[in-house]
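Engineer: Whatever this is, show me its structure:
(2 chains, ligands or ions: 1)
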Amino acid sequence: MDFNDTSEEAAFRAEVRKWLEANAKRKSDDKQAYRARVDDPGLLRAAKEWQAKKAAAGYARITWPKEYGGMGGSPIQQVIYQQEESNFLVPLGFFDIGLGMCIPTMMAYATKEQLTRHVKPALYGEEVWCQLFSEPAAGSDVAGIRTKAERDGDDWIINGQKVWTSGAHYSDWGIIITRTDPNVPKHQGLTMFFLSMKSPGVEARPIKQISGGANFNEVFFTNVRVPDSQRLGKVGDGWKAALTTLMNERLAVGMPSGGLDVDELLELARGTELEDGPAIRNGHVRSKIADWYVQAQGLKYTRYRTLTAMSRGQTPGPESSIIKVVAAPKMQDLGALAMELMGPAGIMTSDVPGSGGFQAQWIGGAGFRIAGGTDEILRNIVAERVLGLPQDVRVDKDVPFNQLGKTK
Amino acid sequence: MNFDFSDDQKMLKEQVRKFLADKSPYKTTRRVLEGDEAYAEEVWKGLVELGVTAATIPEEYGGAGMGALELCVVAEELGRACAAVPFASSVYLATEALKLFGSEAQKKAWLPKLASGAAIGTIATGEGPQAPSPRNVRTSFGGGKVNGEKLPVADGTAATFAIVLVNTGGSGDRSLSMAIVDLAGAGVTREVVKTVDPARKHARIAFNGAAGELLGAEGAGWSQLETLYDVAAVPMAFEQIGGAESAMWMARDYALQRQAFGRQIGSYQAIKHKIADMYVKLELARSNAYYGAMMLSEGGADLPIAAAAARIAATEAYDFAAKENIQTHGGIGFTWEADTQFHYRRSRLLSLAIGGPLAWKDKLVTRLERKNAA
Ligand SMILES: Cc1cc2nc3c(=O)[nH]c(=O)nc-3n(C[C@H](O)[C@H](O)[C@H](O)COP(=O)(O)OP(=O)(O)OC[C@H]3O[C@@H](n4cnc5c(N)ncnc54)[C@H](O)[C@@H]3O)c2cc1C
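Structural biologist: Got it, this is the predicted structure:
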């Protein structure tokens, strides 16, 4: 056991570091980060510029084949790049959905010409993509979506509404899951497309979030015309395509990086006086710090185990399925305790230790437990896919979609 | 990046697993638990023959000269089987104590016997219902004689010698020392005490002028104990992980098989999420324990923190899996006949053995404070 790079990995790391030194600014400390105001247009511009530089150097998507602007590199090289990049002050976060989920789905289903047209602009940050899956009536149960696509000659006409679509308001393209046949059970009547967010009839309205920002949207589709050539997979095979996306989502939605963690909590507890003395001497506080430290380390080393498998060219085991289920509640609870240490003033979002970071984390954690699969759905996934336990009872499984809710 | 056990280590693990599946089924654990045997002698003999009691003993003392990683894979399998053997006491604790603190003569005297199975060691620290500390250890040592009573001593009737935490005068932490006592000698009486896990017998040992000699420096006992517990915490964590995984699969298998309200109980989320949580805790523990194993095997400076994290995570994983395994089984899980009891009992024994989670959490934070201040 050791954490050392192989000689090739070390050479690659050195190369990456050299490139980053030449092209970006080093963070002055571990936690310095662009604060997540992804709805700030200035930040988007900066992120696009950085993405273009990265892509030109081949680092934007290291594992993709060279023909699509990747490096044909290994997953471990991708990770090495990310590790190194995390030491630099660079704007990130706008392209994860596109490059992590949408384009991989395109790669599985789109034609060669379409890929030639779309991959490079996405990679270079020229075009942003969004994922149009969730709807008001279907989130966890995403196969229950209602947005319709109806055949009209060589085109399809889309009508309906999506919701919680991150980045829709600044996206150029999206992948969308639609219902093309309501006469069959829900999973069988779905079809996936990709479409321009600038198409006539598409309207994205940002929704203000608890955090005060507005990065997700409701998106309305009114007679939006999409050519059949933009269909991804067969008609009625949309669920299969959606699973491709969701599988990639599970890989992409890992841990939020750069947040306040145990070290900062420890520091806060040392500097805080409770009624009976310094917070760091309080047994309950110590016990919580220990719990979260153990969780944080557990996640870190779980990643290392996954990396080890990848660096040997093996498929990682199921262990990484635990990451979000642990990281999200931890983010929320750690924030909450830090706020409690500040007394009633813990509700303040400035003029407090951590510059409001603990408060932001407490708020953000609530969303992180939902986005990309809720805690409950993730537990189902662990139970069903890892441990082989039975699926939940699904009363709607064999009922034609348009008969749902009508029986009994 | 190589954060995994080697193929050889995995082979050793497989070998021990097969041996235990064959020679130490729950039936054997039950036999010891229900009867008067101090431990399952045939299982212990088999382990000695496999060479695992000699694993970490250097070759010059008759051992196999393997590293901590080998010990960890063995420990995981012993945990999985809930084996009724004094392995933790003799190997993680007594053997390691001799390696860490023994004089050349002491190593020569005891390590070859430990390797060959001729001796079984244990450690005797506590003196009743409180965690041992410099404030409450009264068993004394002077003029080569030990006097006092230790209670409970793990594997105290199986052991042939004990490392006894003794009071040698002086003040505070410096009042404690370690002494080795041959339990077959004069002035030692022992009797089995009742515990929640009689598959690992515990004893009350009275020392009446029993002959002993210091292990390590006089007055260093308390700090030696802390060092020793860090070293033992890692294999102990693997043992707990083995047990937790075993309990998890027991619960999962039952959840597939048992029906209620016309469905498998495993299709109810209250049950399936419980078992998913067992898995989550298990993986967190495993990852922490791997890091602990790495620090232990390379003598890393981060061992005190890594060992504490491994210990805390593994205790949490095993305690949770063992109790919720019973819950998953319903009424049958609470019967004497069910195998659920072995893990429930063993999880508690292991979680208290070298200090409970409260104590380890406190230690961990102290160490983090120290590290962050540095
Ligand atoms: C910040 C953020 C960004 C997002 N970005 C996107 C995006 O870009 N694109 C996109 O398509 N979607 C996005 N989403 C939507 C997200 O995927 C859904 O919110 C999520 O899947 C939950 O669906 P829902 O909101 O409909 O809740 P519901 O599915 O209605 O769930 C409500 C509650 O019921 C529980 N529940 C539901 N089903 C079960 C079950 N079978 N067993 C047990 N409990 C159950 C849930 O766990 C939850 O607690 C985003 C969400 C957030 C918060």
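Engineer: Every contact and neighbour count from this point should use C-alpha atoms.
Structural biologist: Will do.
Engineer: Surely A:Phe194 is in a strand?
Structural biologist: Yes. The assignment for A:Phe194 is a strand, going by DSSP: H, G, I helix; E, B strand; the rest coil.
Engineer: Which helix or strand contains the closest residue to it other than its chain neighbours?
Structural biologist: Nearest non-adjacent residue to A:Phe194, counting by CA to CA, 6 or more residues apart in numbering or on different chains: A:Ile175, 4.3 Å away. Under the criterion of DSSP states H and E, A:Ile175 resides in strand A:173-179.
Engineer: Now do that strand: which elements does it pack against?
Structural biologist: Packing partners of strand A:173-179 (3 or more CA pairs under 8 Å, 6 or more residues apart in numbering or on different chains; DSSP states H and E): strand A:129-132, strand A:148-152, strand A:190-196, helix A:238-252.
Engineer: Can you check what angle separates the last one from strand A:173-179?
Structural biologist: In this case it means helix A:238-252. 130 degrees (axes from the mean of the first three to the mean of the last three CA atoms, to 10 degrees).
Engineer: Give me the contacts around helix A:238-252.
Structural biologist: A:96-97, A:100-102, A:104-105, A:143, A:177-178, A:187-192, A:232-233, A:321, A:372 (CA atoms under 8 Å, 6 or more residues apart in numbering or on different chains).
Engineer: So which bits of that helix are buried?
Structural biologist: A:238-242, A:244-246, A:248-250 (16 or more other CA atoms under 10 Å in any protein chain shown).
Engineer: can you pull the pLDDT of the residue of the stretch 251-400 of chain A found nearest the ligand?
Structural biologist: Using CA to the nearest ligand atom, the closest approach of the stretch 251-400 of chain A to the ligand is made by A:Ala371 at 3.9 Å. Listed pLDDT for A:Ala371 reads 91.
Engineer: So what does it look like in phi/psi?
Structural biologist: phi -60, psi 140 (degrees, to the nearest 10).
Engineer: what sits against it?
Structural biologist: With CA under 8 Å, 6+ apart, A:Ala371 has no contacts at all.
Engineer: That one and B:Asp182, how far apart?
Structural biologist: 62 Å (CA to CA, to the nearest Å).
Engineer: Would you map the helices across the stretch 101-250 of chain B?
Structural biologist: For the stretch 101-250 of chain B, the helices defined by DSSP state H, counting those that start in this stretch cover B:104-116, B:221-257.
Engineer: surely A:Gly167 meets A:Gly213?
Structural biologist: No. Taking contacts as CA atoms under 8 Å, A:Gly167 lies outside contact range of A:Gly213: 11.7 Å.
Engineer: ok, the two, which is more surrounded?
Structural biologist: A:Gly167 (24 against 15; other CA atoms under 10 Å in any protein chain shown).
Engineer: chain center to the lowest-mean-pLDDT helix or strand in chain A: distance?
Structural biologist: Sorted by mean pLDDT, DSSP states H and E, the helices and strands of chain A end with helix A:238-252, the least confident at a mean of 81. Distance, stretch centre to chain centre, for helix A:238-252: 12 Å (CA atoms, centre = their mean, to the nearest Å).
Engineer: residues contacting the residue in the stretch 201-350 of chain B positioned nearest to the ligand?
Structural biologist: The ligand sits closest to B:Gln269 of the stretch 201-350 of chain B, with a gap of 7.2 Å, by CA to the nearest ligand atom. By CA under 8 Å, 6+ apart, the contact list for B:Gln269 reads A:380, A:392.
Engineer: per-residue confidence at A:Asp39?
Structural biologist: pLDDT, read off for A:Asp39, is 57.
Engineer: Repeat that for A:Ala33.
Structural biologist: 63.
Engineer: how's chain A carved up into domains?
Structural biologist: Domain assignment for chain A by automatic domain parsing gives A:7-94, A:129-249, A:254-386.
Engineer: which one of these lies closest to B:Arg286?
Structural biologist: domain A:254-386 (7.7 Å; CA to CA).
Engineer: Run the chain-centre distance for the closest one.
Structural biologist: 17 Å.
Engineer: again with stretch A:381-398
Structural biologist: The answer for stretch A:381-398 is 24 Å, by CA atoms, centre = their mean.
Engineer: ends of that stretch, how far apart?
Structural biologist: 21 Å.
Engineer: buried set for that stretch?
Structural biologist: Buried-residue list, stretch A:381-398, by 16+ other CA under 10 Å: A:381-384, A:387, A:389-391.
Engineer: B:Phe342: which of the residues you listed is nearest?
Structural biologist: A:Leu387 (22.2 Å).
Engineer: Tell me the residues of the stretch 1-150 of chain A that contact the ligand?
Structural biologist: A:131-134, A:138-141 (CA under 6 Å from any ligand atom).
Engineer: Which of those are buried? Put it as a PyMOL command.
Structural biologist: The command below creates a PyMOL selection of those among these that count as buried (16+ other CA under 10 Å):
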select buried, chain A and resi 131+132+133+134+139+140
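Engineer: can I get the residues of the stretch 1-150 of chain A next to the ligand in a markdown table with distance to B:Lys45 and pLDDT?
Structural biologist: Formatted as a markdown table, these follow (distance: CA to CA, whole Å; pLDDT from 0 to 100):
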| residue | distance to B:Lys45 | pLDDT |
| --- | --- | --- |
| A:Gln131 | 62 | 97 |
| A:Leu132 | 64 | 98 |
| A:Phe133 | 61 | 97 |
| A:Ser134 | 61 | 97 |
| A:Ala138 | 61 | 95 |
| A:Gly139 | 58 | 95 |
| A:Ser140 | 55 | 95 |
| A:Asp141 | 56 | 95 |
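Engineer: What segments of the stretch 251-400 of chain A are helices?
Structural biologist: A:262-271, A:283-311, A:323-341, A:357-368, A:375-381.
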